[in-house]
Structures are given as structure tokens and as C-alpha cells.
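Q: got a structure for you, letters missing:
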């Protein structure tokens, strides 16, 4: 739902007047001047065609009830688009305000991302490691609730075991209870609570969720390992792989790029929504909460 949109906004009040999702690089937005200037105090309208819908909506309870009881709309975005398109500037007495984030004239360096899928979770995690969420960074005082080590762009919790012989590059997080073996190499990777990384293993740009295990002499690149998963000795996990909860990759096995391994069997009759389980046997709601907990545990 975080797609490209064109919108018409009152620059003084930030009230949204028109809103439309587009699927092509160029799209027409018909602006009814009689509608947008029905408010006599309105001096100007700003048309934006270079923005994206962040998928984050802050609504009054009345709006949520209306959305729940109206089966014509598949999302809040659809409701917003329909109401504004029909000339309704308000819904149940509520105006539609707009918050622009990250635009050159927004006057801020704020960050906004809706985490409702595995890919958006990975993106948010990597953005955090690369300091795009500043001032929420690994070395921020807000996280310093316990002694920890932050050096060279990597963070190690005081309860983690990382020997001097393990190599850590920038963007590495090792949380409480994790254990890293001698000669292991970590780069741009989140190592969750209770995770074990074996001797001489290389883990690059990956996310190892709580309790995951990577045994000795493994290579893991651009992958996500869910809680309780295990990669046995000398196995290779290719780019874009996802290892579901409690799954085991055998010793010396080479997992092809883009592979998804899961213990769960997809239900073809089950519709997909924000609370459904993804192909890794882990719900999108859990993915969102895991990132939130990770942010708060980085102390």
C-alpha cells in the first residue's frame, strides 16, 4: 500500500483536498476548483506528484468504526481516496490532514516506514543500522540502560560473548546472550538474543532472530533466520534466503538464492491480511513487534 500518489494539499492548513494512487509514472489528477476552493479562506492549493503513501494513518475511533462497517473499502487509503474524490472534504466531522516526511521542504529529517511484511522489516532494520533513524542510533543515550560496547559502528551487549578473534565490521548488533565463535566474521548483521554463530562462519547483511544457530564454517549472506532455526556446519545460505522458525539446514548443504524454507503449509483458502502468517511461518504482526522489541532491547 506504500505506493506512489498524487495529492492536492492546502499548504497553510496541511488539509488534504484530493488524493489518488497511481500505477504509472505519469497520471492525471482532475482538480475541481469549485470543490477545492469551497472554503473561502483557502488561498492556494499545492499539487504533489513526487510523493509516496507511507501507509501510516492516524484516525479517530469514529473513522475506524466507519471503515470496519463499510465493506466497500479494502483499506483506509481506499476510503480516503473515495471520500476526497467525491468532493467530501470531511468524514464524520473530521478533516484529512497530511504529514510530509523526508521532502526537501519539510524542514526535518524524519523517518516513516510501515512494517507489515518481511521485506519492510528487513528494510527498517537495515535503515536503523545505517543510522537513517537518527537520533535513534545504536549509540543513542536513550538505549543506554545497561553497560555495552559500541565501537567501529558495531554494538555488542554486555551479556553477549564475542571473542577478540571474531571480526566485526560496521552495522553489527549482537544482543544479550548471543555467542560468536573464534574467527567468525560479521558485517551489517543483527544477531538476536541467544543466537549462536560458530567458529569461522561468515554472516553478511543478515538478520538472525532470537535463538537461531549458525554452526561452524558456514556462509550466510543477505538472509533472514527466524527464531529457533539452525544452519549446520559448512552450509551455505544464498542471497535472499529465508529460514523459517525451527527449520534446520543440513551440514554441507548449499541453499539456492531466494529460497524460503518453512515448517508450515500455506493454506490456499486463507486470505492474506496484515495478521496472516507469511511463508516463513511467522505472522506480519510478529515481524512488526519483533522490530519494535529489537529497538528497545538495543541497550
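A: Okay, I see it. Since this is a predicted model, take the numbers as computed values, not measurements.
Q: so where do the helices sit in this structure?
A: 33-36, 61-69, 76-85, 118-129, 284-297 (DSSP state H).
Q: if you average pLDDT over each of the ones you listed, which comes out lowest?
A: Ranked by mean pLDDT, the helices of the chain end with helix 284-297 at the bottom, a mean of 52.
Q: so what's residue 132 up against?
A: Contact analysis of residue 132 by CB atoms under 8 Å, 6 or more residues apart in numbering lists residue 111. (C-beta placed from N, C-alpha, C; glycine too.)
Q: Next one: it, what pLDDT does it get?
A: 80.
Q: What of residue 28?
A: Listed pLDDT for residue 28 reads 60.
Q: Could you pull up phi and psi at the closest residue to residue 205 other than its chain neighbours?
A: Nearest residue to residue 205, sequence neighbours excluded (CB to CB, 6 or more residues apart in numbering): residue 188, at 4.3 Å. Reported as degrees, to the nearest 10, the phi and psi values for residue 188 are phi 60, psi 40.
Q: Hmm, residue 188 is touching residue 207, no?
A: No - using CB atoms under 8 Å, residue 188 makes no contact with residue 207, being 9.9 Å away.
Q: who has more neighbours, the two?
A: residue 207 (27 against 21; other CB atoms under 10 Å).
Q: give the contact list for that one.
A: Going by CB under 8 Å, 6+ apart, residue 207 touches 122, 125, 189-190, 192, 223-225.
Q: Could you report the separation of it from residue 117?
A: To residue 117, residue 207 is 14 Å away according to CB to CB, to the nearest Å.
Q: what sits against residue 181?
A: Going by CB under 8 Å, 6+ apart, residue 181 touches 163, 166, 196-201, 216.
Q: and these, which of them are in strands?
A: 196-197 (DSSP state E).
Q: how many other residues sit next to residue 174?
A: That count, for residue 174 with other CB under 10 Å as the rule, works out to 29.
Q: Brilliant, that's me finished.
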